[in-house]
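>>> dropping the sequence and predicted coords here.
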Amino acid sequence: MWHSPHLVSEVMTQTVVAVGEEARFKEIVETMEQWKVSALPVLAGEGRVVGVVSEADLLPKEEFRGADPSRLEQQRWLDEVRKAGAVTAGELMSAPALTVRADATLAQAARTMAHKSVKRLPVVDGEGLLQGIVSRADLLKVFLRSDDDLAQEVREEIVGRLFPGLAKDLQVTVVDGVVTLSGRVRDTSLIPVAARLVRAVEGVVDVEFDVTGPVAGGMEPPAGGPHR
């Protein structure tokens, strides 16, 4: 069985600052300033995430200060005008909340952030209760894995299974997250498969190959350059 992908639960921040639906505008601003965050999950009941209030939700208060938007502007910027008059987190928040489960893979979380253009996601359990928060910076933590750690995983979980018996003939080196497989393999058709599996290892930046096929007729095959 291949090494399991790293999960959101492994990189998320468990200590999360949040506010209730009745939190007032100034309290929200003060909380953001105190904890140096730009968004807060909004909770209801026993801790169920019902929305997120961000700096972008608060800015209309200043943007429309002293302004008298026309009817056309009110229709065009309906949500912003509404938020300019809001005073509680429940009125200001973006809802429903965009969340992720703790058992989601980092790739799933990254895909959600990219598609929805958000910087962080509240992490919830099956009941929607807040478990933590994961940010873009958290997702990048996998690239802090050491080269030795990456090399060991590639050797054991990929090379050892895909090319059994070639431990001495196929070397794995990792420099700055770039994996290089060099040596001789019996079946070069497996190289694209190996490339896909190595790239799927959390923390791998890229993969290169400098491999040859089996010796035929006692003749050494010509050495090939690096292949991606």
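Sure thing, it's come through.
>>> quick check: the gap between Thr212 and Arg161.
21 Å (Cβ to Cβ, to the nearest Å). C-beta coordinates here come from the backbone N, C-alpha and C atoms, glycine included.
>>> repeat for Ala97
Taking Cβ to Cβ, one finds Ala97 at 40 Å from Arg161.
>>> cool, His115 as well?
33 Å.
>>> more neighbours, Ala97 and Arg161?
Ala97 (19 against 11; other Cβ atoms under 10 Å).
>>> could I get the phi/psi values of that one?
Dihedral angles of Ala97 (phi, psi; degrees, to the nearest 10) stand at phi -70, psi 140.
>>> contact partners for it?
Pro41, Val42, Val49, Val50, Gly51, Val52, Pro122 (Cβ atoms under 8 Å, 6 or more residues apart in numbering).
>>> kindly report the same for Asp125.
So Asp125 contacts Arg101, Ala102, Gln131 (Cβ under 8 Å, 6+ apart).
>>> the nearest residue to the first one once chain neighbours are set aside bridge partners, please.
Excluding the flanking residues, the one nearest Arg101 by Cβ to Cβ, 6 or more residues apart in numbering is Val124, at 6.6 Å. Beta bridges link Val124 to Arg101, Leu130 when assigned by DSSP bridges.
>>> cool, and the one 10 residues further on?
For Val134, the beta-bridge assignment (DSSP bridges) gives partners Leu121.
>>> sorry, back to before: and the residue nearest to Arg101, what pLDDT?
If you check Val124, the pLDDT there is 96.
>>> mind listing the helices for the protein?
8-11, 25-35, 55-58, 60-63, 71-76, 78-84, 89-92, 106-116, 136-139, 147-153, 160-162, 191-199 (DSSP state H).
>>> pick the most buried one from the ones you listed.
The highest mean neighbour count among those, using mean count of other Cβ atoms under 10 Å, belongs to helix 89-92: a mean of 22.
>>> which helices and strands sit right next to it?
helix 25-35, strand 39-44, strand 48-54, helix 78-84 (3 or more Cβ pairs under 8 Å, 6 or more residues apart in numbering; DSSP states H and E).
>>> got the CA coordinates for that helix in PDB?
Coordinates of the C-alpha atoms in helix 89-92 are reproduced here as PDB (Å, rounded to 0.1, in the frame of the first residue of the first chain):
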ATOM      1  CA  ALA A  89     -20.700  39.200  12.900                       C
ATOM      2  CA  GLY A  90     -23.900  37.400  11.900                       C
ATOM      3  CA  GLU A  91     -24.800  40.300   9.600                       C
ATOM      4  CA  LEU A  92     -21.300  40.800   8.300                       C
END
